[in-house]
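Student: following is a predicted model, sequence given first.
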Amino acid sequence: MMHASRLLVVLVCLVAGSGPSAARQSTAVLSGVVVSTDEPPTPVRRAIVTVTGGGIETNTAAVTDAEGRFVISGLPAGELRVSAAKAGYVSTEYGARRPGAPGTPIAVPAGGRVTDVRITLARGAVITGTARDSGGMPAPGVTVSAVDVRSVGRAGSYNDDKSNTVTDDRGVYRLYGLAPGDYVVAFVPYRSLQDTERRSAAEIDRLLRELEQRRSGRPVSEQVQAPGQQFIYAPIFYPGTPFASDAARVRLSVGEVRENIDVTVEPAAAADVSGVVSSLDGADVSTTRLSLTPIGPSLPVFNFASTAQPPGSGGEFTFAHVPPGRYILLARNAGVGRGGSGAGLGLGSTGPATAAWAMAEVTVRGVDVGNVTLLLRPPMSVAGRVVFDLTRLAPPEELNRIRVGLVSPGASGQVTLADGTPLAGISSPSPVTVQPDGSFRVQGVLPGAYAPVAVVPGESGALGWWLRSAMLNGQDLLDLPLELGLAGGDVTGVVLTFSDRHSDLTGRLEAASGQAATGFFVVVLPVERAYWRPGARRIRSVRPATDGRFTFANLPAGEYLIAALSDLEADDLDNPAFLEQLVPPSVRVIMRDGEVTTQNLRIGG
């Protein structure tokens, strides 16, 4: 539960309208110092200071001198964000209350000089320990990764210097420069995917007896010996489980050193996954491509995605020597259901039909998994058209420059099933080109939750086109994603509306004295609780600039709540219980299409 002191009750002044934007001149100067959070603070030399925002096309950076000082000139007017970074420290923005938190934009006037920019860098936390084999000997060459718990269960990339390292000849590793938070620690042996065979003690004794009989010339009964249990080196999560969901959480505070995060690296029992694939109409399935992809974070070195041999004449398939874990078993066949996706819809040329598909979730725990049934279904598609709500701009002359795609909301393009199960390694369908008549059809869509994405090239930004809505049967898919289940079926009638009428919410946060209030968060959220979903476009936060001003650009029309907070955690806005606590001290604001609404907030009495 959020502590009550984090909420700020506000007094409100409502002002309608908007002012002209300041002229941009690249003559402003920022200077300041980067220091550590040590006591007493010490200058941080050779830190990289980066400035973004304000229309800067490429990031502008400088390196601090021996006193931790920096000067960056030739900057445009506007709200500029300044951050500092150095190996071993946690990258931090100016004005951030803690490492990794949003900073405060600096309001820089044209030709102005801001000379008091002070950024404090906290030393990163450390996780260290030892990897040993089952005999207690050091295990060198093991890749060790610290994975943010918010990423466990979904695909991601952790291949950066701070989150990955390799054990040395003593089996010792040290992960440093980590931001405060909760992590799981993954160990990937360098012998990944190399099988071994392990026999029981009784089997070994029997084989030794037979060997002695052969040497002595005594007869040995001829019999086929069953192979031993197959084992495989696979990722292990601290304290020693193959399942990321069962891993222990390692909580780090600023600069903390966590020692003795040790693990024993040994091969895990492998298993076979087998079953039968078939089609609805009894068509040939011998060309079906099968893949088995882990559910969970993608890890360096280990990127297991086993592919079985093509099915037999009866559709039989087997994945051999699969390590423990949760997997998505996916079958695709371009020869089954060809041309069955959206054919005859009058949507123009759409290219070749995509493969029929089947999908199942499989959990492997060292025991063979059999009798998996995969029934190929026709490929799915999502079709519709684009329209333009215009007041100033002319519609694009070449609609085929517009690309339309589908992504799983909040998952960086990774496909996520409607129940939230992530599909690591399985990409969203490829975007398509809009046809000259404004129609589109996205093919090869697998089950999952999706929101449309589309951009008009060269006409986006504050004065260009923005994708205002994606309507299907009265539901805006930008707010409530399209959920496609395992039953399959095409979707038609999606209407994507681009508008040149921007609905922005602006204002100024000030103290009771009337001075600009900085160091706070302003949060906006919809009154309608159905929109309270992780990653929702109607739920946002911003840090006011040093002059107290803030802006929320392109908010869809509707009724909103706006509040000021003294602090905000990274996941707060995804938590409905947290949002519920914002309701009483918030102020209601009505947003209308194409209007700029100004809502000033005053803190305290």
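Tutor: Noted; the coordinates are in hand.
Student: list the residues that contact residue 360.
Tutor: 328-329, 372-374 (Cβ atoms under 8 Å, 6 or more residues apart in numbering). Just so you know, the C-beta spots here come from the backbone N, C-alpha and C atoms, and that holds for glycine as well.
Student: meant to ask about residue 559, not that
Tutor: By Cβ under 8 Å, 6+ apart, the residues touching residue 559 are 526-528, 588-591.
Student: how about a cut-off of 6 Å?
Tutor: With contact taken as Cβ atoms under 6 Å, 6 or more residues apart in numbering, residue 559 is in contact with 527, 590.
Student: which element is it on?
Tutor: strand 558-565 (DSSP states H and E).
Student: buried sites along that strand?
Tutor: Going by neighbour count (16 or more other Cβ atoms under 10 Å), the buried part of strand 558-565 is 558, 560-565.
Student: so for those residues, which is the shakiest by pLDDT?
Tutor: Looking at these by pLDDT, the weakest one is residue 565, with 86.
Student: pretty sure that one sits against residue 519.
Tutor: No. Using Cβ atoms under 6 Å, residue 565 is not in contact with residue 519; the gap is 10.8 Å.
Student: which parts of the stretch 1-150 of the chain are strands?
Tutor: Counting by DSSP state E, counting those that start in this stretch, the stretch 1-150 of the chain has strands at residues 7-8, 10-16, 28-36, 48-53, 60-63, 69-75, 78-85, 92-93, 106-108, 113-121, 125-133, 143-148.
Student: can you list the strands that the strand holding residue 559 pairs with?
Tutor: Within its sheet, strand 558-565 is paired with strand 7-8 (antiparallel), strand 521-526 (antiparallel), strand 587-591 (antiparallel), according to DSSP bridges.
Student: next helix or strand past it?
Tutor: The C-terminal neighbour of strand 558-565 among helices and strands, as given by DSSP H and E, is helix 576-582.
Student: give me the residues contacting that next one.
Tutor: 2, 525, 532, 563, 572.
Student: gap between the third one and residue 276?
Tutor: Spelled out, it's residue 532. 43 Å (Cβ to Cβ, to the nearest Å).
Student: one step back: could you dump the strands of the stretch 1-150 of the chain to TSV with mean neighbour count, mean pLDDT and distance to residue 258?
Tutor: As requested, the strands of the stretch 1-150 of the chain are exported to TSV (neighbours: other Cβ atoms under 10 Å; pLDDT from 0 to 100; distance: least, Cβ to Cβ, whole Å):
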stretch	mean neighbour count	mean pLDDT	distance to residue 258
strand 7-8	18	50	33
strand 10-16	13	42	40
strand 28-36	21	93	21
strand 48-53	20	88	27
strand 60-63	16	84	31
strand 69-75	17	90	33
strand 78-85	22	90	22
strand 92-93	22	92	21
strand 106-108	24	91	35
strand 113-121	17	93	20
strand 125-133	20	95	5
strand 143-148	22	88	10
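Student: now render the ones you listed as JSON lines, adding distance to residue 262.
Tutor: Output for the strands of the stretch 1-150 of the chain, formatted as JSON lines (distance: least, Cβ to Cβ, whole Å):
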{"stretch": "strand 7-8", "distance to residue 262": "43"}
{"stretch": "strand 10-16", "distance to residue 262": "50"}
{"stretch": "strand 28-36", "distance to residue 262": "30"}
{"stretch": "strand 48-53", "distance to residue 262": "34"}
{"stretch": "strand 60-63", "distance to residue 262": "38"}
{"stretch": "strand 69-75", "distance to residue 262": "41"}
{"stretch": "strand 78-85", "distance to residue 262": "30"}
{"stretch": "strand 92-93", "distance to residue 262": "31"}
{"stretch": "strand 106-108", "distance to residue 262": "45"}
{"stretch": "strand 113-121", "distance to residue 262": "30"}
{"stretch": "strand 125-133", "distance to residue 262": "4"}
{"stretch": "strand 143-148", "distance to residue 262": "11"}
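Student: residue 376 and residue 355 touch, don't they?
Tutor: No. Taking contacts as Cβ under 6 Å, residue 376 lies outside contact range of residue 355: 8.6 Å.
Student: need the residues touching each of the two.
Tutor: What both residue 376 and residue 355 touch, as defined by Cβ under 6 Å, 6+ apart, is the set residue 333.
Student: run a quick neighbour tally on the residue lying closest to residue 486 once chain neighbours are set aside.
Tutor: Nearest residue to residue 486, sequence neighbours excluded (Cβ to Cβ, 6 or more residues apart in numbering): residue 447, at 5.2 Å. By the measure other Cβ atoms under 10 Å, the count of residues near residue 447 is 22.
Student: didn't residue 447 look like it was pressed against residue 484?
Tutor: Yes. Counting by Cβ under 6 Å, residue 447 does reach residue 484; the two are 5.1 Å apart.
Student: quickly list what's touching both of the two.
Tutor: The contact lists of residue 447 and residue 484 share no entry, where a contact means Cβ under 6 Å, 6+ apart.
Student: burial of the residue nearest to residue 144 when sequence neighbours are not counted, as a residue count?
Tutor: In this structure, residue 144 finds its nearest non-sequential neighbour in residue 173, 4.5 Å apart by Cβ to Cβ, 6+ apart. Neighbourhood size, residue 173 [other Cβ under 10 Å]: 23.
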